[in-house]
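*Asks:* model the structure of this input:
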Amino acid sequence: MNFVRTFYVAAFVLVAAGAHAQMLTAKSGQSSFFSETPVENISATNSNVKAVLNPASKQIAVKMTMTDFQFPNKLMQEHFNENYIESEKYPDATFTGTINEAIDWSKPGTYPITAKGTMELHGVKQPRTLSGKLTIEPNRTILTTDFTVALVDYKIQVPKLVMMKIAEQIKVQNKLEFPKS
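*Replies:* Presented below is the predicted three-dimensional model:
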């Protein structure tokens with residue numbers, strides 16, 4: 001419940017702060033991750049990522065439900081949700097933050113950006129600064145990010161028996177598309 005509350009509070013703040021500004025909403029963004037080890041590679045994709053972006057304040061809130069990640073096989077998905085992420089206890093991951101750079105939202109183009117904020121995963125909140133690209137087009141805005149998640153930072157424990165199969169640093173990619181109304 002804490003993740004959901006955090007996301008909706010952040011979304012409310014964004015809406016309130018931008019009551020006179022155009023809010024951008026992504027309802028089906030993508031997040032994928034990749035764990036590479038000499039023994040086994042693990043990947044999954046979530047196509048139900050939600051996000052709200054306020055161009056006026058440059059604030060962003062992102063939420064994803066962990067059980068929405070799809071794996072190549074059901075056993076990996078089961079282990080991910082039950083043993084590592086504990087999706088019943090920690091159903092969502094969130095990021096709330098503010099874009100650091102000045103952006104001319106009326107000018108099409110691709111802008112390198114960073115966003116400073118808080119990522120919450122597995123019940124742990126960590127301050128993060130994420131890098132990405134913001135592409136402004138006439139009918140949509142696209143935000144892409146690539147970053148790593150250190151399992152230890154979010155208290156995600158890997159049993160010694162399978163430690164060689166799961167990377168300590170997980171590579172994450174996100175693509176959020178905000179259509180303009």
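
*Asks:* drop to CA atoms for contacts and neighbour counts, all remaining ones
*Replies:* OK.

*Asks:* quick one: the strands in this structure?
*Replies:* Counting by DSSP state E, one finds strands in the chain at the ranges 24-36, 41-54, 59-65, 92-99, 109-121, 124-136, 140-150, 169-179.

*Asks:* may I see those organised as JSON lines, with distance to Phe71 added?
*Replies:* Formatted as JSON lines, the strands of the chain follow (distance: least, CA to CA, whole Å):
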{"stretch": "strand 24-36", "distance to Phe71": "10"}
{"stretch": "strand 41-54", "distance to Phe71": "5"}
{"stretch": "strand 59-65", "distance to Phe71": "14"}
{"stretch": "strand 92-99", "distance to Phe71": "17"}
{"stretch": "strand 109-121", "distance to Phe71": "19"}
{"stretch": "strand 124-136", "distance to Phe71": "24"}
{"stretch": "strand 140-150", "distance to Phe71": "18"}
{"stretch": "strand 169-179", "distance to Phe71": "14"}
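
*Asks:* to Lys74, which of these lies closest?
*Replies:* strand 41-54 (11.0 Å; CA to CA).

*Asks:* how about that closest one: buried residues?
*Replies:* For strand 41-54, the neighbour count (16 or more other CA atoms under 10 Å) marks 42-54 as buried.

*Asks:* next: stretch 108-119.
*Replies:* For stretch 108-119, by 16+ other CA under 10 Å, it's 111, 113-119.

*Asks:* picking up where we left off before, dump the strands of the chain into CSV; add mean pLDDT and distance to Phe80 as well.
*Replies:* Output for the strands of the chain, formatted as CSV (pLDDT from 0 to 100; distance: least, CA to CA, whole Å):
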stretch, mean pLDDT, distance to Phe80
strand 24-36, 95, 12
strand 41-54, 96, 10
strand 59-65, 97, 13
strand 92-99, 98, 13
strand 109-121, 98, 13
strand 124-136, 97, 17
strand 140-150, 97, 15
strand 169-179, 97, 13
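
*Asks:* which one of the ones you listed lies nearest to Leu75?
*Replies:* Nearest of those to Leu75, taken as CA to CA: strand 41-54 at 11.6 Å.

*Asks:* packing partners of that closest one?
*Replies:* For strand 41-54, the contact count by 3 or more CA pairs under 8 Å, 6 or more residues apart in numbering; DSSP states H and E identifies helix 2-17, strand 24-36, strand 59-65 as packing neighbours.

*Asks:* neighbouring strands - and their directions - for the second one?
*Replies:* By that I understand strand 24-36. Applying DSSP bridges, strand 24-36 is found paired with strand 41-54 (antiparallel), strand 169-179 (antiparallel).
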